[in-house]
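**Q** below is the sequence, then the predicted model.
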Amino acid sequence: MFLGTHTPKLDDKGRFFLPAKFRDELADGLVITRQQDRCLAIYPQAIFEAEAAKAMTGSSTVAKVRDFQRMLASGASDEKPDSQGRLTVPPHLRQYASLDREIVVIGAINRIEVWNAANWQRYAEAQEAAFAEMDEEVDPR
């Protein structure tokens, strides 16, 4: 399970250090892809495969299903952290998420998300009130 908020820096080669607490779960490989809200999602390989299997259950004759499948798969990249725990973000994904030096890496339970720091700040501030007001329709606890 991925939890917490971290603020590594993206270097000139498009790499950042994965938070140490996430490295073991990602050491055998991962998939990085587009996520809604103009951020990136990093999944352990097995979890990405499960998410892809869910996406495949929709009929490709439905335009929104095709759109989702295309965007998920076409942006996806199999990666493996280097021996120092750094992950390289492919250029097309850095562009999609507007990543520059200042990034935020958050745990999002079954995935990690990588955000442009300013975009994350705006998103988090906008969601604070809505989160406080969530009811059982969203949170079934």
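**A** Received the coordinates, thanks.
**Q** what about Q35, neighbour count?
**A** 22 (other C-beta atoms under 10 Å). All C-beta spots, glycine's among them, are computed from the backbone N, C-alpha and C.
**Q** report the beta-bridge partners for it.
**A** Assessed by DSSP bridges, Q35 has beta-bridge partners C39.
**Q** what residues are up against it?
**A** Contacts for Q35 were tallied using C-beta atoms under 8 Å, 6 or more residues apart in numbering; they are 41, 111, 113.
**Q** nearest to E79, out of those residues: which one, please.
**A** Lowest distance from E79 to those (C-beta to C-beta) belongs to A41, with 12.4 Å.
**Q** and the residue lying closest to the closest one once chain neighbours are set aside, what's its pLDDT?
**A** Excluding its sequence neighbours, the residue lying closest to A41 (C-beta to C-beta, 6 or more residues apart in numbering) is Q35, at 3.8 Å. Predicted confidence (pLDDT) for Q35: 94.
**Q** restricted to strands, list the contacts of Q35.
**A** Under the assignment DSSP state E, the contacts of Q35 contribute 41, 113 to strands.
**Q** would you turn the contacts of Q35 into JSON lines with distance to A73, pLDDT and neighbour count?
**A** Listed next are the contacts of Q35 as JSON lines, based on distance: C-beta to C-beta, whole Å; pLDDT from 0 to 100; neighbours: other C-beta atoms under 10 Å:
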{"residue": "A41", "distance to A73": "13", "pLDDT": "97", "neighbour count": "24"}
{"residue": "R111", "distance to A73": "16", "pLDDT": "97", "neighbour count": "21"}
{"residue": "E113", "distance to A73": "18", "pLDDT": "98", "neighbour count": "19"}
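**Q** got the contacts of Q35 as JSON lines, with distance to A130 columns?
**A** Output for the contacts of Q35, formatted as JSON lines (distance: C-beta to C-beta, whole Å):
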{"residue": "A41", "distance to A130": "21"}
{"residue": "R111", "distance to A130": "21"}
{"residue": "E113", "distance to A130": "18"}
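**Q** any idea which element the residue lying farthest from the centre of the chain lies in?
**A** No residue in the chain sits farther from the centre than T61, which is 27.1 Å out by C-alpha atoms, centre = their mean. Here T61 is covered by no helix or strand, with elements defined by DSSP states H and E.
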